[in-house]
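Visitor: Sequence first, then the predicted structure:
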Amino acid sequence: MRSPCMSPVRERRGQATVEMALVMIAFIGLSMAVFDFGRAFFCRLALNEAAALAAEYGTQVDNVGGGANSYPSADQVAARARAALPGVIDPACITALTVNTAGATSGYPAIKVSIAYGYQITGPFLGWAFAGNAIPLTGYGSHIYPQ
């Protein structure tokens, strides 16, 4: 007599395939989530770098255009920030780019640049976690005017 725990091999055919399919769904979803968050982290670093480069550009004296101690305008600084963004960042997804030249740090005038960006999620699974399929990212940069 056969034991109830022992089943013929024929009845267990395909069990490994079904288990692998179930595990692969979870593995691929987790891999896509890691990939998306890695790209979002890279975009955040790129936004910070572009804002810092634009702020540094805004403190450089341009003696060609308007005479002595002529600094770039806020529009020129914003254009430099857009130009410093890498190709991974879609310029159409930039929600705000602000240039503040009125700030002061320790008595020295400073320029502050911030770039707000809506990172578009590429994976289908993370779209359920974030309404609108976008993660808001912001990059900041500041530089003190030379005295």
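Guide: Here it is on my side, so go on.
Visitor: alpha carbons only for contacts and neighbour counts from here, please
Guide: Will do.
Visitor: then stretch 49-60 to PDB, C-alphas only?
Guide: Output of stretch 49-60 as PDB, limited to C-alpha atoms (Å, rounded to 0.1, in the frame of the first residue of the first chain):
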ATOM      1  CA  GLU A  49      25.400  69.400  -9.200                       C
ATOM      2  CA  ALA A  50      23.600  71.600 -11.800                       C
ATOM      3  CA  ALA A  51      22.300  74.000  -9.100                       C
ATOM      4  CA  ALA A  52      25.800  74.300  -7.500                       C
ATOM      5  CA  LEU A  53      27.400  74.900 -10.900                       C
ATOM      6  CA  ALA A  54      24.700  77.600 -11.800                       C
ATOM      7  CA  ALA A  55      25.200  79.300  -8.400                       C
ATOM      8  CA  GLU A  56      29.000  79.300  -8.900                       C
ATOM      9  CA  TYR A  57      28.500  80.800 -12.400                       C
ATOM     10  CA  GLY A  58      26.200  83.500 -10.900                       C
ATOM     11  CA  THR A  59      29.000  84.800  -8.700                       C
ATOM     12  CA  GLN A  60      31.500  85.200 -11.500                       C
END
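Visitor: just how off-centre is that stretch within its chain?
Guide: 18 Å (CA atoms, centre = their mean, to the nearest Å).
Visitor: Do I have it right that residue 94 meets residue 117?
Guide: Yes - in terms of CA atoms under 8 Å, residue 94 counts as a neighbour of residue 117; the distance is 4.4 Å.
Visitor: Give me the more crowded residue out of the two.
Guide: Neighbours of residue 94 and residue 117, each counted by other CA atoms under 10 Å, are more numerous for residue 117; the result is 24 against 17.
Visitor: Report the contact partners of that one.
Guide: Residues in contact with residue 117 (CA atoms under 8 Å, 6 or more residues apart in numbering) are 93-96, 136-138.
Visitor: ok, now with 7 Å
Guide: 93-95, 136-138 (CA atoms under 7 Å, 6 or more residues apart in numbering).
Visitor: Mind checking which of these land in strands?
Guide: If you go by DSSP state E, the contacts of residue 117 have 94-95, 136-138 in strands.
Visitor: Thank you kindly, that will do.
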